[in-house]
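In: Need coordinates for the below:
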Amino acid sequence: LRDTPAPSGEWRFTLYVAGAGVSLSRVLPVLHSLGVEVVDERPYRIAREDGTLRWIYDFALRVPASVLRDSLDTEMEADLLSHAAEQASGIR
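Out: Now for the predicted structure:
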């Protein structure tokens, strides 16, 4: 989760995956369970010279003020990243 240039009230979340891509039907419930609304998703497919695939998924998230007040601190950020990584590793 990073605070990069985005419309007011939106955050960017980037998921990096090796191998097969990730379906939105697996990722969206995880993000929704964290209390955020996904407003945009941009997948990028990277084919390496050795033939292996890598994926970058860039999500625009709208985070309600109540979620920010209650849990946007370093612990929440670490939990979000850890949870997303756990989910992604089981999706391959």
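
In: Could you say which helix or strand holds residue 86?
Out: helix 74-89 (DSSP states H and E).

In: Next, give phi and psi for residue 19.
Out: phi 90, psi -140 (degrees, to the nearest 10).

In: Quick check: it touching residue 51?
Out: No: the criterion here is C-beta atoms under 8 Å, and residue 19 misses it with residue 51 at 11.5 Å. To be clear about C-beta, it is placed using only N, CA and C from the backbone, and glycine gets the same treatment.

In: Between those two, which has more neighbouring residues?
Out: residue 19 (11 against 6; other C-beta atoms under 10 Å).

In: Let me know the pLDDT of that one.
Out: Predicted confidence (pLDDT) for residue 19: 85.

In: now stretch 44-60, how far from the centre of its chain.
Out: When C-alpha coordinates are averaged (C-alpha atoms, centre = their mean, to the nearest Å), stretch 44-60 and its chain have centres 15 Å apart.

In: measure it end to end?
Out: 14 Å (C-alpha to C-alpha, to the nearest Å).

In: Not counting it itself, show me its contacts.
Out: Residues external to stretch 44-60 that are found in contact with it (C-beta atoms under 8 Å, 6 or more residues apart in numbering): 6-7, 10-22, 27, 31, 38-43.
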